[in-house]
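Asks: let's see this in three dimensions:
(one chain, ligands or ions: 1)
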Amino acid sequence: MFLYLRCEVDHDKLAGMQITLFSSKSYDESFFSTENETSRHELVFHEFKLTPTSAPLAKGSRAVCAFVNDRLDRETLEVLHAGGTEFVALRCAGFNNVDLQTAHELGMKVVRVPSYSPYAVAEHTLGLLLALNRRLYRAYNRVREGNFSLQGLVGFDIHGLTVGIIGTGTIGEKVVRLFNGFGCKVLCYDVHENEAVKALGAKYVPLDELFAQSDVISLHCPLLESTYHLIDAAALEQMKPGVTLLNTSRGALIDTSAVIKCLKSGRVGNLGIDVYEEEDNLFFEDQSGMVMQDDVFARLLTFPNVLITGHQAFFTSNALTQIARVTLQNLSDLEASGCCANEIEFS
Ligand code: NAI
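Replies: Predicted coordinates:
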């Protein structure tokens with residue numbers, strides 16, 4: 001069970017602390033340095049992922065800052081704790097990569113950024129659809145090569161389509177608003193109905209009805225045991241032939257091999273994904289000079305009606321500013337008062 005703590009903060013007590021950031025890219029350094037101008041923290045940036053081997057680099061730092069693919073298992077946490085680290089600040093919303101029980105046993109506090117820019121993810125979802133629908137990625141390459149043929153570029157109007165949204169939380173709600181703007185009929189499925197979504201005119205229906213009626217299906221629910229491979233062969237069988245599938249949530253919501261079969265048969269007409277179930281070994285790094293080892297991913301790349309981005313839906317300057325600001329604020333709160341509204345506690 002996870003508890004989200006809320007408490008008051010005395011900011012006058014702030015003296016600043018050393019924070020070691022792992023998996024840090026130049027953009028992290030830029031946004032964190034800018035946001036730190038008003039704080040007194042000392043930031044140490046490392047490009048390495050956080051693992052038991054790299055953890056000693058944080059020795060002497062009161063806090064470490066980690067990202068989605070950093071490894072915060074028992075081994076790593078013990079090394080960090082031995083080096084004097086008290087706080088783990090995740091610069092993301094998800095915390096599935098943290099052994100919260102061990103953190104609790106060691107007395108380490110774990111904080112996160114629960115929400116940074118739902119608009120970024122919602123707008124990227126629409127971006128995938130618009131690019132897929134009108135084959136913009138193919139048109140871009142053709143025109144650059146002097147090929148002005150329209151063969152193979154025929155699209156369809158989004159206006160008037162029936163769109164199925166699975167998961168109508170913070171991001172899903174924004175996606176409903178965008179599809180409303182296009183003049184679509186919006187169907188929704190969620191384990192908890194969102195009144196704001198109903199007020200927008202969207203209709204909650206059972207999942208099988210959403211599958212059967214939707215021209216476009218977009219996933220915005222979290223990855224849980226109950227949602228693992230939510231889109232599997234049986235679900236795909238219920239969908240309209242030529243359905244467009246969009247996933248900017250988590251890769252393992254989709255059984256990729258089942259979708260590949262349906263792309264080959266034409267049952268799936270378009271696939272737009274920002275996440276992939278085996279993305280840990282691929283995304284966020286330049287692997288352009290390496291031989292692709294993932295045959296499933298390599299097969300996906302061969303389809304003209306598949307568009308993949310590398311987990312960049314969140315990646316706007318607005319979101320990066322918010323991530324840096326909230327992460328530093330979380331640590332300032334911990335420093336000032338020992339607690340933080342964005343703390344995750346295991347109990
Ligand atoms: P949220 O927690 O506000 O909304 C999630 C919704 O999913 C909730 O309404 C919840 O009731 C619903 N849900 C839970 N179990 C369900 C089930 N079995 N079937 C249908 N709905 C279910 O989360 P938020 O902020 O809207 O984020 C959604 C997802 O977007 C996250 O879980 C994350 O995986 C993904 N994400 C992706 C990013 C990217 O860069 N591609 C960035 C941020 C989030």
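Asks: isn't there a helix covering residue 158?
Replies: No: if the criterion is DSSP: H, G, I helix; E, B strand; the rest coil, then residue 158 is coil and not within a helix.
Asks: wait, it sits on residue 129?
Replies: Yes: counting by Cβ atoms under 8 Å, residue 158 touches residue 129, with 6.9 Å between them. Heads up, the C-betas are built off the backbone N, CA and C, glycines and all.
Asks: what's the overlap in contacts for these two?
Replies: residue 216 (Cβ atoms under 8 Å, 6 or more residues apart in numbering).
Asks: tell me which of the two has more neighbours.
Replies: Neighbour comparison, residue 158 and residue 129: the larger count goes to residue 129, with 23 against 20 (by other Cβ atoms under 10 Å).
Asks: how about residue 72, what does it touch?
Replies: Per Cβ under 8 Å, 6+ apart, neighbours of residue 72: 50, 66, 88, 97, 98, 99, 103.
Asks: next structured bit after the helix or strand of the chain with the lowest mean pLDDT?
Replies: Every helix and strand of the chain was ranked by mean pLDDT, DSSP states H and E. The lowest is strand 2-5, at a mean of 46. Next in sequence after strand 2-5, counting helices and strands by DSSP states H and E, comes strand 18-21.
Asks: what pairs with that following strand, and is each one parallel or antiparallel?
Replies: Strand partners for strand 18-21, identified by DSSP bridges, are recorded as strand 42-45 (parallel), strand 63-66 (parallel).
Asks: who are the packing partners of the very next helix or strand once past it?
Replies: Sequence-wise, the next helix or strand downstream of strand 18-21 (DSSP H and E) is helix 26-35. With contacts taken as 3 or more Cβ pairs under 8 Å, 6 or more residues apart in numbering; DSSP states H and E, helix 26-35 sits against strand 18-21, strand 42-45, helix 317-337.
Asks: residue contacts, the residue in the chain positioned nearest to the ligand?
Replies: Using Cβ to the nearest ligand atom, the closest approach of the chain to the ligand is made by residue 169 at 1.8 Å. Residues near residue 169 by Cβ under 8 Å, 6+ apart: 190, 194, 220, 221.
Asks: got those as CSV, with distance to the ligand and pLDDT columns?
Replies: Formatted as CSV, those follow (distance: Cβ to the nearest ligand atom, whole Å; pLDDT from 0 to 100):
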residue, distance to the ligand, pLDDT
190, 4, 98
194, 6, 98
220, 5, 97
221, 4, 95
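Asks: now the two most distant members of the residues you listed.
Replies: For the contacts of residue 169, the maximum inter-member distance is 12.1 Å, found between 194 and 221 (Cβ to Cβ).
Asks: give me the common contacts of the two.
Replies: 169, 172.
Asks: any idea of the pLDDT on the closest residue to residue 68 other than its chain neighbours?
Replies: Among residues not flanking residue 68 along the chain, residue 92 sits closest, at 5.1 Å (Cβ to Cβ, 6 or more residues apart in numbering). pLDDT, residue 92: 91.
Asks: correct me if wrong: residue 92 contacts residue 67.
Replies: Yes: Residue 92 lies in contact with residue 67 (Cβ under 8 Å); the separation is 6.0 Å.
Asks: note down every partner strand of the one helix or strand residue 186 maps to and its orientation.
Replies: According to DSSP H and E, residue 186 maps onto strand 185-189. Applying DSSP bridges to the sheet, strand 185-189 is found paired with strand 162-166 (parallel), strand 203-204 (parallel).
Asks: mind putting those strands into CSV with mean pLDDT, mean neighbour count and distance to residue 323?
Replies: Output for those, formatted as CSV (pLDDT from 0 to 100; neighbours: other Cβ atoms under 10 Å; distance: least, Cβ to Cβ, whole Å):
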stretch, mean pLDDT, mean neighbour count, distance to residue 323
strand 162-166, 98, 25, 25
strand 203-204, 98, 14, 32
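Asks: I'm done for today, thanks for sticking with me.
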